[in-house]
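need coordinates for the below:
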Amino acid sequence: MPETVADPIGAVVAMLSAHAPLAFALGGRVFGGELPATEAASMPRKALVVRPSGGVSLTGNTFAEVDTQRIDLFAYGETPREADWVMKVAGLHLRRMRPGVWAGTMLHSCNSAGGASSGREPGTEWPREFRSFQLLHGLAAIGE
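A predicted model of the protein is given here:
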């Protein structure tokens with residue numbers, strides 16, 4: 001029987017998608033990895049993308065079945081002000097995160113890993129905000 005492993009990006013997407021202010025404002029447009037090609041025709045509009053990023057593990061040399069993952073959050077909007085609002089709401093929700101299971105993955109904590117950067121999506125010029133976070137999560141899937 002194959003061992004099931006955690007999906008921290010999927011868990012963060014599920015957690016952010018369940019947050020009422022974001023769910024209402026984004027209409028379900030919270031994605032892991034990249035913005036789907038099917039969204040491009042409707043952009044720019046409010047959306048979030050959660051991507052894994054580099055970074056050093058804070059649990060090296062242990063047998064703990066947890067690890068840290070740096071994640072990058074990209075917030076989009078029709079205007080720079082909208083993208084900023086999406087980032088502020090999503091970032092605050094990540095910082096307030098309490099331990100819990102989302103999409104079969106235990107999320108323990110999430111901390112800011114730097115300040116926000118505003119600008120435009122390269123190649124499209126869509127308004128975009130960017131911020132990194134450090135996520136502590138379990139390694140094994142739960143309840144699957």
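
OK, contacts around the closest residue in space to residue 80 that isn't next to it in sequence?
Distance criterion CB to CB, 6 or more residues apart in numbering; nearest residue to residue 80, sequence neighbours excluded, is residue 127 at 4.4 Å. In short, each C-beta sits where N, CA and C put it, glycine included. Contact partners of residue 127, counting by CB atoms under 8 Å, 6 or more residues apart in numbering, are 44, 76-80, 82-83, 118, 120-121.

look up phi and psi at residue 127.
phi -60, psi 140 (degrees, to the nearest 10).

now do residue 138
Per-residue torsions, residue 138: phi -70, psi 160 (degrees, to the nearest 10).

residue 106 is in contact with that one, correct?
Yes: with contact defined as CB atoms under 8 Å, residue 138 and residue 106 form a contacting pair (3.5 Å).

on that earlier part again, look up how far residue 84 lies from the residue nearest to residue 80.
Residue 127 sits 8 Å away from residue 84, going by CB to CB, to the nearest Å.

anything in contact with each of the two?
Residues touching both residue 127 and residue 84 (CB under 8 Å, 6+ apart): 77, 118.

please report the distance of the residue nearest the centre of the chain from residue 32.
Nearest to the mean C-alpha position of the chain, by CA atoms, centre = their mean, lies residue 50 at 3.4 Å. Distance of residue 50 to residue 32, computed by CB to CB: 5 Å.

now swap in residue 73 and tell me
For residue 73, the distance to residue 32 (CB to CB) stands at 11 Å.

compare those two and say which is more crowded by neighbours.
More crowded of residue 73 and residue 32, by other CB atoms under 10 Å: residue 73, with 23 against 19.

thanks a lot, see you next time.
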